[in-house]
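Peer 1: Sequence and computational prediction follow.
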Amino acid sequence: MAERVFITGMGMITAIGDNVAENLEQLRQQRSGLGFTSYIDTIYRQVLPVAEVKHTNESLATLAGTTPCKGLTRTTLLGMAAMKEALQQAGISDVQSAPTGFINASTVGGMCDTEKVYFDIINPEKDGTFLQYIDTLDCADCTQRIADAVGFCEYIATISTACSSSANALMFGARMIKQGMLPRVICGGTEALTRFTLNGFNSLKNVDKQFCRPFDQQRTGLNLGEGAAYLVLEGESFARANNSRILAELTGYCNTNEAFHPTSPSPDGDGAYEAMKAALAMSGRSADAVDYINVHGTATLNNDVSEGKALERLFGSKVPLFSSTKPFTGHTLAAAGAIEAIFAVLAIQNGLIFPNLNFSEKMEELNITPVTRLIEDASVNNVISNSFGFGGNNASLVISKYEG
Amino acid sequence: MKVKCYIQGMAAISPQQTFNGDIFSAPLVHTDSNLLPCIEPDYKPFIPGNSLRRMTRVLKMGLTTALQCVRDSGLDTVGPIVTGTGKGSLQDTEKFIREIEQYKETALNPTPFIQSTYNSVNGLVALQLNATAYNNTFVHRGFSFETALLDSMMLLAEGASNTLTGAFEEMTAEHFYIKSRIGFWKQAPTDSRSLYEQLSPGSIAGEGAVFFSLTAAPADNQYAAVTGLKLLYKPTDEKLADTLATFAEGADLILTGRNGDNRYEHYYQQADRLNIPQLPFKHLCGEYDTAGAFGMWLGANILRSQQVPAQWFPSLEKVPATINRILLYNHFYGEQHAMIVLERV
């Protein structure tokens, strides 16, 4: 019998808070982190809203307990801050006290800093300390810097499957535990805002000039965000022997590929349907045991139709309460899956269903609408968290209340 | 986890003539430009013309190698697709950065952005093969391919009957220059044939795409079995020596990723103490994040044919008459160390 996988620690930083408690408070207060960028050099500074973490790199370094230096990118600093909290919350003072893996996720690595010096890097006439950013461009740089700061020496890996990256990191870590390869794995992702991704999504005409409106008839696109989040996963036997505080259980997960189109989901949501269905089956929970779905809900025209259709197909006339928290945090790409997995745990721990901000008009293609106000004192036992990405990469997680 | 799977099919695009024809008669391709570029095949039999025009180099190499691998395997159905790439599509990344600057962030063509995404090759392979199972891309320098291999073995242990597992990497002129600024390549032009005698800082650059069809069950005419895998991140000398000794047990041959870089040569020298015949392979493929996949392809060929392509190893003295087990040991600039054990089937 494979080990059950428990969540025993969480750490995060997003536009709505520097840690888990601040994020929870802002969710309760229904306060969005969307605004305009202070740090990206772009002509869209006052045009395209983003959910930026309100710290300079220097201030992030302080938060992360490190000294700012050349070569330490914003991606790494965000990750270090979230990692520090995750370790603290799990009571881990030394990651080498037990074999501990680190599975990280990133979509563009250190692009946030490299893009600012790229044309100097390729110019033979320019020389200087900016050269220290050369090796930060790939996705492994942030992982290794975080690993070295913390002292990870077992399996370390980096996953990049676009917007489903950190959901896949959680899944991979859970599978390593179930295979008996490691008793403890820390999984998640980190993503900094960049001119590269902002222009990328804007060139796809996928960015809303207003604050994003998931599942709304008038939605026109997403807003990007930045942040990082890590969850400590432990196998049941280790967690018990270690007397770990168990926050929730990761009971189900599924990764499927839609094989439909490089960037668009299928209109009927085949991939989303399969991912949710298989994850739920693995969790051993019935459809009516799902209390809340934290949807991918990017507010792009295609995603919300496709995901909504998948919900209606899977749950029929009894679609559970659902909402997108992207209007709080923006779409944080590789970090989204882990950030939203923490929101799922917070929903369970605090009996909350978070509102889908900025919703006013039902989509004509769907019969369902998201939750629009904070629901307190709810009984939340099972949450589905969705993350869907380019390349047809779909991932769903089922996070459940810990019951002995 | 039980570490055992079988190589049912494989394909490689590399700087050598590996995609078509007989590798035992293919001449040794060499260079003194410190960069070994791939010999690219005709893509038209694999990719429809209208798609081909939009795709950049590493996408074409990755997709074509994956498709050829599936043909070679003879398998009817494609299950999970798992890959590794250290850098993804450099050409698209560079193009999009340049166009943002050039067009002042307006009227940009989204294609290079879409294709710069690290999982775009996986998405294309899934799309062309209508493969809707598990799909993942690992992007961690010298662990990219090896973690994809690990994930594949986990999937087989979990019940998948086969996986399509691969790696792809390209080098561009711009990236070659960038990496030269931080000492990745040798400064003096170096004949790739004498790479191992020219010990100095840096190596020579390479690139390649390699895919394997892996199965949980043995079958006739498979290339080899993968029976061991170990990844070590920045290991101490002692830990490396111990692990090498354990994994080399019973090996008739060690394939090493030696690359002439004197800064990290001492790691490979640990393997010298084991007194097992060695073959270094980087003069064939150059140094890149996922060169380990080329090493595994070479090892599997040697095991099935019981023969080393002698023309590729001019300084070859003696190899064992029978090769039942090969240890592949590779590391990437001293940080990510990987050991893969291959056995004859």
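Peer 2: It's in.
Peer 1: middle-most residue in the chain, spatially?
Peer 2: By default, I'm working from chain A. residue A:336 (2.0 Å; CA atoms, centre = their mean).
Peer 1: that's the wrong chain, I wanted chain B
Peer 2: Most central in chain B (CA atoms, centre = their mean) works out to residue B:293, at 2.6 Å.
Peer 1: Helices of the stretch 201-345 of chain B, start to end?
Peer 2: B:237-247, B:265-272, B:282-285, B:291-305 (DSSP state H, counting those that start in this stretch).
Peer 1: meant to ask about the stretch 51-200 of chain B, not that
Peer 2: Under DSSP H, counting those that start in this stretch, the stretch 51-200 of chain B gives helices at B:57-73, B:90-102, B:111-116, B:120-129, B:144-157, B:173-180.
Peer 1: ok and the fifth one relative to helix B:120-129, angle-wise?
Peer 2: If I follow you right, that is helix B:144-157. Orientation of helix B:144-157 against helix B:120-129 (axes from the mean of the first three to the mean of the last three CA atoms, to 10 degrees) gives an angle of 40 degrees.
Peer 1: angle of helix B:144-157 against helix B:291-305?
Peer 2: Using the same axes, to 10 degrees: helix B:144-157 against helix B:291-305 is 60 degrees.
Peer 1: quick revisit: for the residue nearest to the centre of chain A, list the residues it contacts.
Peer 2: A:163, A:166, A:167, A:189, A:191, A:296, A:326, A:329, A:387 (CB atoms under 8 Å, 6 or more residues apart in numbering or on different chains). (Glycine included, C-beta is placed from N, CA and C.)
Peer 1: Report how many residues lie close to residue 283.
Peer 2: You didn't pick a chain, so chain A it is. Other residues within reach of residue A:283, judged by other CB atoms under 10 Å in any protein chain shown, total 22.
Peer 1: actually it's chain B I care about, not the one you picked
Peer 2: Look at residue B:283: counted by other CB under 10 Å, it has 30 neighbours.
Peer 1: tell me the pLDDT at it?
Peer 2: Looking at residue B:283, its pLDDT stands at 98.
Peer 1: right, and it touches residue B:191 too?
Peer 2: No: using CB atoms under 8 Å, residue B:283 makes no contact with residue B:191, being 9.1 Å away.
Peer 1: Nearest residue to whichever residue of chain A sits closest to chain B in space, ignoring adjacent ones along the chain?
Peer 2: Across chain A, the shortest distance to chain B (CB to the nearest CB) belongs to residue A:391, at 2.7 Å. Nearest non-adjacent residue to residue A:391, counting by CB to CB, 6 or more residues apart in numbering or on different chains: residue B:123, 2.7 Å away.
Peer 1: Quick one: name the residues of the stretch 201-345 of chain B near chain A.
Peer 2: B:231, B:233, B:234, B:335 (CB under 8 Å from any CB of the partner chain).
Peer 1: what about the strands in chain A?
Peer 2: A:5-14, A:50-51, A:100-105, A:156-159, A:184-191, A:224-225, A:227-235, A:248-257, A:292-294, A:321-323, A:382-388, A:393-400 (DSSP state E).
Peer 1: Specify the stretch among those that is closest to residue B:251.
Peer 2: With CB to CB as the measure, strand A:156-159 is the member of the strands of chain A nearest residue B:251 (26.0 Å).
Peer 1: ok, the residue lying closest to residue A:216 once chain neighbours are set aside - contacts?
Peer 2: Spatial nearest neighbour of residue A:216, excluding adjacent residues (CB to CB, 6+ apart): residue A:359 at 5.0 Å. Counting by CB under 8 Å, 6+ apart, residue A:359 makes contact with A:213, A:214, A:215, A:216, A:369, A:370, A:372.
Peer 1: how close does residue A:359 sit to residue B:193?
Peer 2: 66 Å (CB to CB, to the nearest Å).
Peer 1: What separation do you get for residue B:58 and residue B:37?
Peer 2: 12 Å.
Peer 1: who's more crowded, these two?
Peer 2: Neighbour count, other CB under 10 Å: between residue B:58 and residue B:37, residue B:58 has more, with 27 against 18.
Peer 1: In terms of pLDDT, where does residue A:1 sit?
Peer 2: For residue A:1, the predicted pLDDT is 60.
Peer 1: Could you pull up the contacting residues of residue A:114?
Peer 2: The contact partners of residue A:114, by CB under 8 Å, 6+ apart, come to A:73, A:121, A:133, A:134, A:136, A:137.
Peer 1: before we move on, back to that, reformat the contacts of residue A:359 as JSON lines; add neighbour count and pLDDT.
Peer 2: Formatted as JSON lines, the contacts of residue A:359 follow (neighbours: other CB atoms under 10 Å in any protein chain shown; pLDDT from 0 to 100):
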{"residue": "A:213", "neighbour count": "25", "pLDDT": "98"}
{"residue": "A:214", "neighbour count": "28", "pLDDT": "98"}
{"residue": "A:215", "neighbour count": "28", "pLDDT": "98"}
{"residue": "A:216", "neighbour count": "19", "pLDDT": "98"}
{"residue": "A:369", "neighbour count": "18", "pLDDT": "98"}
{"residue": "A:370", "neighbour count": "23", "pLDDT": "98"}
{"residue": "A:372", "neighbour count": "14", "pLDDT": "98"}
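Peer 1: residue ranges with poor pLDDT in chain A?
Peer 2: A:1 (pLDDT under 70).
Peer 1: Domain-wise, how is it divided?
Peer 2: A:5-242, A:251-400 (the TED database).
Peer 1: now the last one: how far from the chain's centre is it?
Peer 2: It refers to domain A:251-400. 13 Å (CA atoms, centre = their mean, to the nearest Å).
Peer 1: The first one too?
Peer 2: Averaging C-alpha positions (CA atoms, centre = their mean) puts domain A:5-242 8 Å from its chain's average.
Peer 1: that older thread, looking at the helices of the stretch 51-200 of chain B, which is nearest to residue A:152?
Peer 2: Of all the helices of the stretch 51-200 of chain B, helix B:144-157 comes closest under CB to CB, at 14.3 Å.
Peer 1: and that closest one, anywhere near chain A?
Peer 2: Yes: contact between helix B:144-157 and chain A, assessed by CB under 8 Å from any CB, occurs at B:147, B:151, B:154, B:157.
Peer 1: What pLDDT does the model give the third one?
Peer 2: Going back to what we said before, that points to residue B:154. For residue B:154, pLDDT reads 98.
Peer 1: Same check on the last one?
Peer 2: Looking at residue B:157, its pLDDT stands at 96.
Peer 1: That one: what's it in contact with?
Peer 2: Under the contact definition (CB under 8 Å, 6+ apart), the residues listed for residue B:157 are A:179, B:1, B:2, B:216.
Peer 1: can you pull the contacts of the residue nearest to the last one when sequence neighbours are not counted?
Peer 2: Closest residue in space to residue B:216, ignoring its immediate chain neighbours: residue B:156 at 4.1 Å, by CB to CB, 6+ apart. Residue B:156 is in contact with B:5, B:162, B:163, B:214, B:215, B:216, counting by CB under 8 Å, 6+ apart.
Peer 1: partners of the second one in the sheet?
Peer 2: With beta bridges defined as DSSP bridges, residue B:162 has these partners: residue B:215.
Peer 1: Surely it touches residue B:222?
Peer 2: No: contact between residue B:162 and residue B:222 fails when scored by CB under 8 Å: they sit 11.5 Å apart.
Peer 1: Which one of those two is surrounded by more residues?
Peer 2: More neighbours surround residue B:162 than the other of residue B:162 and residue B:222, with 26 against 22 (other CB under 10 Å).
Peer 1: How confident was the prediction at the more buried one?
Peer 2: In this prediction residue B:162 is given a pLDDT of 98.
Peer 1: near chain B, which residues of the stretch 301-404 of chain A show up?
Peer 2: A:389, A:390, A:391, A:392, A:393.
Peer 1: The second one and residue A:164, how far apart?
Peer 2: When you say that, I think you mean residue A:390. 9 Å.
Peer 1: between these two, which one's more packed in?
Peer 2: Set side by side, residue A:390 and residue A:164 show more neighbours around residue A:164, with 33 against 25, by other CB under 10 Å.
Peer 1: Cool, thanks, talk later.
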